[in-house]
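Could you look at this predicted model? Sequence included:
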Amino acid sequence: MEDRTTEVVFKKETVGKLLSLNFKDEKTKVTGDAVVLMAEMLKIFVEEAARRCQKQAEVENCDVVDIEHFEKILPQLLLDF
């Protein structure tokens, strides 16, 4: 398989907005440090999901990672995080 390494980046503004959309009290605020930490967690989560999907595709002798590979790794990925 071909290795196409690209940097996963989440915009701090987007992460902050997603976090604040889920607060029950609109007065709740998110600090910059919390947004940076959450962006890093999202990055790690996405990179790990991609790695596991690639491994699953290799186990199945597939040259292309498909949604079915993601569906197979998702339950364990969620339990690990």
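Structure's in. What do you need?

Toward the C-terminus, what is the element adjacent to the helix or strand where M38 lies?
Assigned by DSSP states H and E, M38 falls within helix 32-59. Moving toward the C-terminus from helix 32-59, the next helix or strand (DSSP H and E) is helix 67-80.

What are the buried residues along that following helix?
69-70, 72-73, 77 (16 or more other C-beta atoms under 10 Å). Every residue, glycine included, has its C-beta placed from N, CA and C.

again with stretch 61-68
V65.

Endpoints of it, how far apart?
In stretch 61-68, first residue to last residue: 13 Å (C-alpha to C-alpha, to the nearest Å).

for that stretch, what is the average pLDDT?
Across stretch 61-68, pLDDT averages out at 96.

tell me the secondary structure for the residue of the chain positioned farthest from its centre?
Outermost residue of the chain with respect to the C-alpha centroid, by C-alpha atoms, centre = their mean, is K27; its distance is 27.5 Å. When classified by DSSP: H, G, I helix; E, B strand; the rest coil, K27 comes out as coil.

Phi and psi next, for it.
phi -80, psi -10 (degrees, to the nearest 10).

which stretches of the chain have low pLDDT?
1-5 (pLDDT under 70).

wouldn't H69 be in contact with V59 here?
No - using C-beta atoms under 8 Å, H69 is not in contact with V59; the gap is 9.1 Å.

can you tell me which residues contact the residue most central in space within the chain?
Nearest to the geometric centre of the chain sits V46, at 2.7 Å (C-alpha atoms, centre = their mean). By C-beta atoms under 8 Å, 6 or more residues apart in numbering, the contact list for V46 reads V8.
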